[in-house]
Structure formats: structure tokens, C-alpha cells
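Asker: My questions are about this predicted structure, shown below with the sequence.
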Amino acid sequence: MITLGVETSCDETALALYDTEKGVIGDIILSQAVVHSPFGGVVPELSAREHTRNILPLFDRLLKETNFDIKKIDFISFTLTPGLILSLVVGVAFAKALAYELNKPLVPVHHLEGHIYSVFLERKVDYPFLALIVSGGHTDLYLVRDFGRYEFLGGTLDDAVGEAYDKVAKMLGLGYPGGPIIDRLAKESKKLYELPKPLLNDDSLNFSFSGLKTAVLNLLKREKSLRKEDVAYSFQETVVEILLKKTLKAIQKTGVKRVVVVGGVSANSRLREVFRRASEEKGFELYIPHPRLSTDNAVMIAYAGAERFKRGITAPLDINPQPNIPLEEFGRLFT
Ligand code: KG4
Ligand code: ZN
């Protein structure tokens, strides 16, 4: 079976053709980073406008580059939720129009489910496993018992970790998206400023990053001659320590010693290094996808869609996007 994956939940317009037998046929991602960069974050209206402008030419390019006959698409997998509603609308309208035109089924996918299963494109993971989702919109820990069976263990009470990266980068005048820039800059330093680690030692599996972000701002105000490298390094070390400690706590609480780390921030080189070492030292299995699969893409949406389609899940043509259906609920909704 061959599916087209459609992803427009935030600031990447992404399309992919995926064959359940042979793997990825084609994969295109158009980043809007240059459009949002002057604002230091995603501007929803601009994002929707860019998706609208780009999605059809991108689809044409995908078909041309892969020399693919549109009639061979068996079903269309698309991100239904969560995301910026105006951006989701574009991808959903495109998917619906194509499904109507080709007379093929529509398969709704949850963006976070896509992230979780990005790992499966490289290697299958046995159930149950823990999923740490770290992106621009989410910092969540889930216990995944099976496909579609997601148990929420904890999440951020305020900013997502990727959002904190982007905001700190903005304070330092580094551009958008901030994650990859801070990642690179932090390599130039070993000077650690002590920063707060909210909720680090409480018993919950929740996170909080807004205090950390404010602490960075205060540090910048207090000490005028700071090196950006040192701030980037201190912020990143703090973030990675928090993420690891909460993951270890989740392992301890659930007894599940299999962890996948997904979402844009899982592309972070220091996070990968620290988690890899911890997995060896503490003896848990660790799965982190290739950085191209960590950040938003449509291959993961196609893969998750194929898993849903296999289970007989499709959506009617009048389905509408939703800004935020919780993952747990989505698993139950469409099964
Ligand atoms: O998953 P994603 O592409 O989009 C959302 O679903 O939000 O994640 C985007 C986030 C951005 O905040 C970006 O700064 C962050 O992922 N990011 C990184 C790195 N690459 C992307 N954060 C830290 N280190 C990176 N190398
Ligand atoms: Zn994402």
C-alpha cells in the first residue's frame, strides 16, 4: 500500500510518499524559518499564508522528483491535530480535496503519534515503551502500551522545551529556530552558570521551563559582558539534566526500561550524548531517530497513517482540524 503523508501543523510544509512494503518513496520539507526568523518565533497568520502558497507546488515537485503516478496513492494520511489551527486547515483542506478527487480514503493522524512512530521508520521497538516528546509545542512523557494506547505520565506546566530554546535564542539575538543555533554555540563553552531547575526533585513527571527562561533573562540583565556561548552552554546543560532526570524517574515509576526520545529537540547533539551515556550506565534501551526524522516531517505522518489504516481507521470527508485533541483521547477516538 502507498500513502501520501501531509503535515502542516506548524511552520513546515511537508509531504511524503510512503510504501508500506518498500519504505520511503519521496520526502519533501519546506521550512518557513526565514519568514518567521525576524519575529523570533512562528507567526500563525504568516504560517498559514505560506502553507497555502506552497502546498500545491510542493506536491507537484514531489510527484515530478519521484516520477510517481498520482493514481497509485492508496490513501491519504494527514495531521488532524494538534497545531496552529490556521495552518492545520491548509493541510486538511488539501488532503480532503485530493481524497475527493482520487476517491481514496482519508486517515487522520495525531502529530505526536507521528513523532512517536518516527523511530519505527528505522527500527521497531517492543511494547511497552516510554516516549519523551520534546518539541516546540510539547514536553510530554507517555507510556505507550501498544499502537493507539497512550498513557499520559506528565508534561510541561508552562513553556515547551523547544519554545524555551527559541525564546532564549531570541534574548541572545541569535535567530529562529533557536534550538540548532544554541546546540552549535554551546559546543564553544564549558563555563556553567548555575540556573534554576524547576520541579527537578519533586515526585511528579511534570516539567516547567518558564522560570528557567526568566532566569536566563535576569542573568543577561545582571551581567553585561556575558559570552553568548556560556549562556547557551549553561541553558542547554540545565535543560538536558532536567529531561534526563524526569525520564529516569519515569523508568523508575513504571518499571519500563525502553525509551524513545522524539520531536525537534531530540535532534540536539548534547541531549543525544547525555541520554546515550545514561542508557549504557543505567541499562535502559534508548531509541532516538535520525535528526531529519526528529523535526517535523511528513514521513512520520505517513507511517502512523499506514498503521491506522491497517486497523481500519479512516475519516469522513467532512472532518475538520482541531487545535488540540489530547493524544490519549485520540487513541480512543479513532480505534
Ligand atoms: O518537532 P518540531 O520540528 O516542531 C514542533 O512540533 O514543535 O520541533 C521544533 C523545535 C523548535 O523549538 C526548535 O528550536 C527545536 O525543535 N530544535 C532543537 C534542535 N533542532 C530543532 N532544539 C535543540 N537542539 C536542536 N538541535
Ligand atoms: Zn512536531
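Answerer: Done, it's in. Numbering: from 1, shown residues only. Ligands and ions are numbered 1, 2, ... in the order given.
Asker: So the residue lying closest to R308 once chain neighbours are set aside, which state does it fall into?
Answerer: Of all residues not flanking R308 in the chain, V107 sits nearest, at 5.1 Å (C-beta to C-beta, 6 or more residues apart in numbering). Quick note: C-beta positions are derived from backbone N, CA and C, even for glycine. What DSSP: H, G, I helix; E, B strand; the rest coil gives for V107 is strand.
Asker: number of nearby residues for V107?
Answerer: Other residues near V107 come to 28 when the count uses other C-beta atoms under 10 Å.
Asker: next one: the one 10 residues further on
Answerer: As a burial measure, Y117 scores 27 neighbours (other C-beta under 10 Å).
Asker: Might you report the residue contacts of the closest residue in space to N206 that isn't next to it in sequence?
Answerer: Nearest non-adjacent residue to N206, counting by C-beta to C-beta, 6+ apart: G154, 4.5 Å away. Applying C-beta atoms under 8 Å, 6 or more residues apart in numbering, we find G154 in contact with D140, L141, S204, L205, N206, F207, K246, A250.
Asker: From what I see, S279 and L286 are in contact.
Answerer: Yes: between S279 and L286 there is a contact under C-beta atoms under 8 Å: 3.8 Å.
Asker: Name the residue closest to the centre of the chain, please.
Answerer: The chain has G263 as the residue nearest its centroid, 3.0 Å off, counting by C-alpha atoms, centre = their mean.
Asker: nearest spatial neighbour of that one, skipping sequence neighbours?
Answerer: S135 is the one closest to G263 (C-beta to C-beta, 6+ apart), at 3.4 Å.
Asker: For ligand 2, what's its nearest residue on the stretch 101-250 of the chain.
Answerer: Going by C-beta to the ion, ligand 2 is nearest to S135 of the stretch 101-250 of the chain, at 4.4 Å.
Asker: Just read off the phi/psi values of G136.
Answerer: phi -70, psi -20 (degrees, to the nearest 10).
Asker: show me what contacts it?
Answerer: C10, V42, A160, G162, E163, D166, P177, G264.
Asker: contacting residues for the second one?
Answerer: Shown here is V42, whose contacts under the criterion C-beta under 8 Å, 6+ apart are C10, D11, Q32, H36, L84, G136.
Asker: Of those residues, which are in range of ligand 1?
Answerer: Filtering the contacts of V42 for proximity to ligand 1 by C-beta under 6 Å from any ligand atom leaves C10, G136.
Asker: Near ligand 2, which residues of the stretch 201-335 of the chain? Just list them.
Answerer: D296 (C-beta under 5 Å from the ion).
Asker: dump the residue contacts of the residue of the stretch 101-250 of the chain found nearest ligand 1.
Answerer: Of all residues in the stretch 101-250 of the chain, G179 sits closest to ligand 1, at 2.1 Å by C-beta to the nearest ligand atom. When contacts are counted by C-beta under 8 Å, 6+ apart, G179 touches G162, Y165, D166, A169, G264, V265, A267, N268.
Asker: which one of these is nearest R311?
Answerer: G264 (27.6 Å; C-beta to C-beta).
Asker: and the closest one, how many neighbours does it have?
Answerer: As a measure of burial, G264 has 27 neighbours, counting by other C-beta under 10 Å.
Asker: Against V42, how distant is it?
Answerer: 12 Å (C-beta to C-beta, to the nearest Å).
Asker: Check T254 too.
Answerer: For T254, the distance to V42 - C-beta to C-beta - is 33 Å.
Asker: same check, this time on L333
Answerer: 27 Å.
Asker: try T247
Answerer: 27 Å.
Asker: following the helix or strand hosting E280, which helix or strand comes up?
Answerer: Using DSSP states H and E, E280 sits within helix 269-282. Counting by DSSP H and E, the next helix or strand C-terminal to helix 269-282 is strand 285-287.
Asker: Return the set of buried residues in that next one.
Answerer: L286, Y287 (16 or more other C-beta atoms under 10 Å).
Asker: could you check the angle helix 269-282 makes with the longest helix seen in the chain?
Answerer: Looking across the chain with DSSP state H, the single longest helix is helix 228-254. Using axes from the mean of the first three to the mean of the last three C-alpha atoms, to 10 degrees, the inter-axis angle of helix 228-254 relative to helix 269-282 is 40 degrees.
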